[in-house]
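S.K.: Give me coordinates for this.
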Amino acid sequence: MSLSLDPRVAAVIAEAMARGRTPFELQTPAEARVAYRAGCAVTGPERIDMSSVADLTLAGRPCRHYRPVPADVLPALLYLHGGGWVVGDLESHDGICRRLAAETGFAVIAVDYRLAPEHPFPAAFDDAIDAWTAFAAQAAALGLDPSRLGIAGDSAGGALAAAVSLACRDRALPQQPRVQLLFYPVTDLMADSASYAEITQGVFLTADVMRWFIGHYAPDGAMHVDWRASPLRAGDLGGAPPALVVTAGHDPLRDEGLAYAKALADAGNQVTQLHLANQVHGLLTQARLMPASEAVFALAGVFARQGLA
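M.R.: As a prediction, the model looks like this:
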């Protein structure tokens, strides 16, 4: 299904492998967190200046509030970082949040949810839905337009954003996301797709690495079919917010991302898709090295502005 790997991306991967990069599955979670944060600081998007950046707390979790312009009231996105529910934090995705704020002209609030294995499923989901509820309830006090709120996330954060969107619908919360931006999301922890069988070497996120993440986050197999961890397995996807779904060809999550976009559309939802057949997982956290990330950020800006107009 995927095309040949972009030569520029292949060169980046080859250089990293030549330096002796240690795969996540050969590290402890604590070691992986340090390595991931350090890597994102070097490869993530340039840190664009904001009108203001402030740390705050929502529902007991540390968060960071980015405002690209000094407006009194702004639309906003709640951002949930990737990292397999095991690595990642406010620092690793600081550049991504700044770039999204700059591209959209909206405020972005990033959430530092609890990580596995210390806090396995459903801790991350619980933190995400609690953060969304507080984000919506406190929007006016935070200088946000309560009628123009969306949610976004990459990889594991994309899974959380998708699950929160469904939970808001099911719980009939007064404020639901008006848009969801899902960047190469996890949608099915069963990990039995064709892309899992295909993407086993030569890229940073292989099937084995992804299974290492899943093993820490959802050690009990019964968790893998819970829609809060695997949104693709929700029985009914109708009534979800308009979605942007970005997928990459050389990614074990490729097939489940494509399947989720199709399932959303089949359920009658508005879906915008971008499939980058010659790219890899983690485009945004490696934006300085992977030019295709520019198209993702640009589309995200257009999609969010139209959806929250």
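S.K.: Would you state the helices of the stretch 101-250 of the chain in chain order?
M.R.: 123-137, 156-170, 194-198, 207-217 (DSSP state H, counting those that start in this stretch).
S.K.: how about these in TSV, adding distance to R178 and mean neighbour count?
M.R.: Bear in mind the C-beta positions are built from the backbone N, C-alpha and C, glycine included. Putting the helices of the stretch 101-250 of the chain into TSV (distance: least, C-beta to C-beta, whole Å; neighbours: other C-beta atoms under 10 Å) gives the following:
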stretch	distance to R178	mean neighbour count
helix 123-137	11	21
helix 156-170	10	26
helix 194-198	30	16
helix 207-217	28	20
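S.K.: Now do the phi/psi pair for the residue nearest to D6 when sequence neighbours are not counted.
M.R.: Setting aside the residues directly before and after it, D6 is nearest to N278 in space (C-beta to C-beta, 6 or more residues apart in numbering), at 4.5 Å. Main-chain dihedrals, N278, degrees, to the nearest 10: phi -110, psi 20.
S.K.: Does N278 touch H250 like I think?
M.R.: Yes. At 7.4 Å, N278 counts as touching H250 under the criterion of C-beta atoms under 8 Å.
S.K.: Run a quick neighbour tally on R21.
M.R.: Neighbourhood size, R21 [other C-beta atoms under 10 Å]: 13.
S.K.: Tell me which helix or strand it sits in.
M.R.: According to DSSP states H and E, R21 maps onto no helix or strand at all.
S.K.: next one: the helix or strand bottoming out on mean pLDDT in the chain to chain centre, how far?
M.R.: Least confident helix or strand, the chain: helix 7-18 with a mean of 92, by mean pLDDT, DSSP states H and E. Centre-to-centre, helix 7-18 and its host chain are 23 Å apart (C-alpha atoms, centre = their mean, to the nearest Å).
S.K.: do stretch 99-118 as well
M.R.: 9 Å.
S.K.: Same check on stretch 189-206?
M.R.: Worked out by C-alpha atoms, centre = their mean, stretch 189-206 lies 18 Å from the chain centre.
S.K.: repeat for stretch 136-145
M.R.: The answer for stretch 136-145 is 22 Å, by C-alpha atoms, centre = their mean.
S.K.: and the host helix or strand of F297, what does it pack onto?
M.R.: Element membership for F297 (DSSP H and E) is helix 293-307. When contacts are defined as 3 or more C-beta pairs under 8 Å, 6 or more residues apart in numbering; DSSP states H and E, helix 293-307 sits against helix 94-104, strand 144-154, strand 180-183, strand 243-250, strand 271-280.
S.K.: Would you mark the buried spots in the third one?
M.R.: To tie it back to what came earlier, the one meant is strand 180-183. 180-183 (16 or more other C-beta atoms under 10 Å).
S.K.: Pick out the most distant pair among those residues.
M.R.: The two members of the buried residues of strand 180-183 with the most space between them (C-beta to C-beta) are Q180 and F183, at 10.7 Å.
S.K.: Format the helices of the stretch 101-250 of the chain as JSON lines; extra columns: mean pLDDT and distance to M223.
M.R.: Formatted as JSON lines, these follow (pLDDT from 0 to 100; distance: least, C-beta to C-beta, whole Å):
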{"stretch": "helix 123-137", "mean pLDDT": "97", "distance to M223": "10"}
{"stretch": "helix 156-170", "mean pLDDT": "96", "distance to M223": "12"}
{"stretch": "helix 194-198", "mean pLDDT": "98", "distance to M223": "18"}
{"stretch": "helix 207-217", "mean pLDDT": "98", "distance to M223": "8"}
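S.K.: Out of those helices, which gets nearest to G235?
M.R.: Proximity to G235 (C-beta to C-beta) singles out helix 156-170 among those, at 10.2 Å.
S.K.: Give me the common contacts of Q180 and F183.
M.R.: A152 (C-beta atoms under 8 Å, 6 or more residues apart in numbering).
S.K.: Tell me which of N278 and H250 has more neighbours.
M.R.: Taking other C-beta under 10 Å, N278 and H250 do not tie; H250 has more neighbours (27 against 17).
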